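S.K.: This is a predicted model, with the sequence first.
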Amino acid sequence: MSLLDVRHLVKHFVRRQGLWRPPSVVKAVDDVSFTIEEGEMFGLVGESGSGKSTTGRCILRLIEPSSGEVLFRGDDVLRYSRSQMREARRHMQIVFQDPYSSLDPRMRVGDIVEEPLVIHRLGTKAERRTRVAELFSLVGLEPDHLRRYPHEFSGGQRQRIGIARALALNPALIIADEAVSALDVSIQAQVVTLMMDLKERLKLTYLFIAHDLRLVEHICTRVAVMYLGRIVELGDTRALFANPTHPYTRALLSAIPVLDPDTPRQRIELDPSSFDREAPLRQLGAGHWAAV
Amino acid sequence: MTAPLLDVQHLTVVFDGAPAPVTAVNDVSFQIAPGETLGLVGESGSGKSVTAFAILRLLQRPGRVAGGTVLFEGRDLLALPERDMRAVRGARISLIFQEPATALNPVMRVGDQIAEALTVHGLASGGEAQARAVELLEAVRITDAPRRARDYPHQLSGGMRQRVMIAIALACHPPLVIADEPTTALDVTIQAQVLELLRELKATYNLAVLLITHDFGVVAEMADRVAVMYKGSLVEQGPVRQILRAPAHDYTRNLLASIPGR
Ligand SMILES: Nc1ncnc2c1ncn2[C@@H]1O[C@H](COP(=O)(O)OP(=O)(O)O)[C@@H](O)[C@H]1O
Ligand SMILES: Nc1ncnc2c1ncn2[C@@H]1O[C@H](COP(=O)(O)OP(=O)(O)O)[C@@H](O)[C@H]1O
Ligand SMILES: [Mg+2]
Ligand SMILES: [Mg+2]
């Protein structure tokens, strides 16, 4: 059984356009299916507006999907009651992109990390304090940081605080939504190293949402490429990068700046009329599918 | 070697404040030849934007130039009367920002904003300025330019807004453009298009560019030479191939090594 099995997930947003015009419907997530196995680092990539965050949020029911199934350890969490869902969130946590806005500026960071334990009424005050100290050392923060406020930390440190908070309840799945995208490349490398290290030590599974394909190629076991609400290509990282097949994947890969001035640029422009938006995923080879 | 277009010598910028003043730019020297692109790279907070602002004399209090000279077309910009400096900004050196959404006037049609750049510098007015604006929108490859000229910034995509910024920057045919993270806020396919456009315009107008970025990939694609900035100082500079293949400074080496897949 897969740890996470997302089936035909759909989320439509209705956008009102004033009194006199009919509302328009944005198909932010449009029939998305994928599975994530225990211990995987699964990458979800695509450009802004492709529906990555909406997918991540629907899985946790931070927004309610329009339809579909989200099986976590075989159970459809979309059928859960509020209290069941609260319990399920112990096992699935999210880390957001913006280390500046995702932490409450008025709370001490020790309290920020402790908060999930308080919400779930876990442990005594003293036990929770011990756990928070443990989490701080796990993510490489100093004990004397506990009483400081978010603004006293750099972007990379704030992301460590976000990770510590996400780990507080001992989750199985972490959804990292552009968790390192806003960081400088050297800081990004440190936080990614931390995430990989925690994955091994705590047996974590990640849904790693990103727009940086270089990074995803480097760290993910499998990758799904999203374009306008749909997964257009999915596969083992090596297979997908060796043989990108969907026109969108190819355009995306060709747009990445190359670090060698002497490598000829072979930019592929996306021609949206060159493929069928509704095409289903078709298997191309072992562990590799594309909607072509 | 031809005389440099821009010659920055020992530029030092200080932000006065408690408990102690901060030296944001420390004894920075570099030159840009006509038509040349210099990539200024470094991580956030290293002093890249402050350098650009000091060159254009756009620093705000408590920031101030504490030393150095900025020779441009043979004149020291730091010693010019403000009136003359206004004539340099936009007409001889123009600036492209990272975030076009905040640099453009939200309540003014984009065509009018381009035309204004021409009128302010006395290069065209009225119907002629409007016509030039449409030509410039065409030059930055905006389709249906006459209609787009009548749009407000919010009606355009991020990539299109950045093209409008570039059109404004080029309106007066300046010999030097300072582009501060011009594609950082854009998706990678849009970034590729904007970089391609910049490359074409560089060739067409023999533009010199000071290209500020934190992305070595962008530098590799665009720059002739590179200057690497770290904590306010330039730690090394040289031809792009040399810096990428044989970085001399530890900081540059670490920065290159942090890039995924490197
Ligand atoms: N709350 C919302 N209301 C209306 N539209 C939304 C909302 N959230 C997201 N969208 C739209 O859904 C699409 C997908 O957005 P998102 O999931 O944030 O993409 P990504 O994370 O890949 O950038 C976009 O077109 C976005 O404008
Ligand atoms: N308004 C300001 N007040 C005080 N210090 C500032 C201000 N703006 C910038 N600085 C200082 O200048 C340094 C360089 O900033 P900046 O040039 O914006 O960096 P970059 O563009 O390389 O990210 C900052 O680290 C900060 O110390
Ligand atoms: Mg997102
Ligand atoms: Mg800057």
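M.R.: Sure thing, it's come through. Ligands and ions are numbered 1, 2, ... in the order given.
S.K.: what are the ranges of the helices in the stretch 151-262 of chain B?
M.R.: With helices called from DSSP state H, counting those that start in this stretch, the stretch 151-262 of chain B shows them at B:158-170, B:188-205, B:216-222, B:240-245, B:250-258.
S.K.: tell me which residues in stretch A:238-252 are buried?
M.R.: Within stretch A:238-252, the residues that qualify as buried are A:239-241, A:244-249, A:251-252, counting by 16 or more other CB atoms under 10 Å in any protein chain shown. Glycine gets a C-beta too; all of them are placed from N, C-alpha and C.
S.K.: any chance of these in TSV, plus secondary structure?
M.R.: Formatted as TSV, the buried residues of stretch A:238-252 follow (DSSP: H, G, I helix; E, B strand; the rest coil):
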residue	secondary structure
A:239	helix
A:240	helix
A:241	helix
A:244	coil
A:245	coil
A:246	coil
A:247	helix
A:248	helix
A:249	helix
A:251	helix
A:252	helix
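S.K.: re the thing from before, show me the one of the helices of the stretch 151-262 of chain B that comes nearest ligand 2.
M.R.: Closest to ligand 2 of these is helix B:250-258 (CB to the nearest ligand atom; 12.9 Å).
S.K.: Would that closest one count as contacting chain A?
M.R.: Yes. With CB under 8 Å from any CB of the partner chain as the criterion, chain A is reached by helix B:250-258 at B:254-256, B:258.
S.K.: contacting residues around that helix?
M.R.: Helix B:250-258 is contacted from outside by A:185-186, A:188-189, A:259, B:41, B:43, B:216, B:228, B:230, B:235-236, B:243-244, B:247, B:262, using CB atoms under 8 Å, 6 or more residues apart in numbering or on different chains.
S.K.: Quick one: mark the members of those that sit in strands.
M.R.: Mapping those onto strands (DSSP state E) picks out B:41, B:228, B:230, B:235-236.
S.K.: Dump the residues you listed into TSV; add distance to residue A:286 and pLDDT as well.
M.R.: Below are the ones in strands among the contacts of helix B:250-258 laid out as TSV (distance: CB to CB, whole Å; pLDDT from 0 to 100):
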residue	distance to residue A:286	pLDDT
B:41	41	97
B:228	43	98
B:230	46	97
B:235	47	98
B:236	46	97
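S.K.: tally of neighbours for residue 229?
M.R.: You didn't pick a chain, so chain A it is. Neighbour count for residue A:229, taken as other CB atoms under 10 Å in any protein chain shown: 23.
S.K.: Not quite, go with chain B.
M.R.: Neighbours of residue B:229 (other CB under 10 Å): 26.
S.K.: The one 3 residues further on now?
M.R.: A count of neighbours around residue B:232, defined by other CB under 10 Å, yields 22.
S.K.: wait, it sits on residue B:26?
M.R.: Yes. Here residue B:232 reaches residue B:26: they are 4.1 Å apart, a contact under CB atoms under 8 Å.
S.K.: Name the residues contacting each of these two.
M.R.: What both residue B:232 and residue B:26 touch, as defined by CB under 8 Å, 6+ apart, is the set residue B:47.
S.K.: List the contacts of residue 224.
M.R.: In the absence of a named chain, chain A is used. With CB under 8 Å, 6+ apart, residue A:224 has these contacts: A:34, A:42-45, A:231, A:233-234.
S.K.: hm, I was asking about chain B
M.R.: Going by CB under 8 Å, 6+ apart, residue B:224 touches B:36-38, B:239-240.
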